[in-house]
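[1] Got a predicted model here, sequence first, then my questions.
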Amino acid sequence: MTPESPRHLPFFVYGTPRPGEVNHDLFLRGRTRAEDPARLTGAALYDGPGYPYAVEEPGGVVCGELVTALDEAYAELLGALDQLEEYRPGDPGRSLYLRVEREVLREADGAAVRAWVYLAAPAVAARLRERGKLIESGDWRNRR
């Protein structure tokens, strides 16, 4: 399986799994071969509380990292991140997030890369758009 395969994409992380955040060591340490600053366009970032949600929104930008898993750790990392993000494949009504394939821009060279992104599930996104706290910078680290 190649990294470009739809089933083996890098991950775009923008909240607690980012380097230096609480869930990075728990879920990503030792399972990645690259972590590069990147941006997701066409999305806005909302404060959870406790963790952020990306919501599709034209003109918005979310800052994060493009994480490439070690081949031997890919399946384990995919399952761990799905569990962390409370993503239940095939059951969007019970999921907090949906794992979707999107294009992100790597900061170092501006390259567009297809990646898995966890976006707020539809019901969660609707509530956030209505009464959520927008993180205007698009960067969860700069929310305060």
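    Okay, I see it.
[2] pLDDT averaged over the strand or helix carrying Arg33, what's the number?
    Arg33 is part of strand 32-47 when elements are defined by DSSP states H and E. Averaged across strand 32-47, pLDDT comes to 97.
[3] Show me what counts as buried in whatever helix or strand comes next after that strand.
    Secondary structure here is assigned by DSSP H and E; on that basis, the next helix or strand after strand 32-47 toward the C-terminus is strand 52-69. Neighbour counts using 16 or more other CB atoms under 10 Å place 52-57, 60-69 of strand 52-69 among the buried residues. From N, CA and C alone the C-beta is placed, and that goes for glycine too.
[4] re the thing from before, so what angle separates the directions of the strand holding Arg33 and strand 52-69?
    Computed by axes from the mean of the first three to the mean of the last three CA atoms, to 10 degrees, the angle separating strand 32-47 from strand 52-69 equals 170 degrees.
[5] of all the buried residues of strand 52-69, which two lie farthest apart?
    Largest separation among the buried residues of strand 52-69 by CB to CB: Glu57 and Ala69, giving 27.7 Å.
[6] Which of the buried residues of strand 52-69 sits closest to Phe27?
    Within the buried residues of strand 52-69, proximity to Phe27 (CB to CB) peaks at Val67, which comes in at 9.9 Å.
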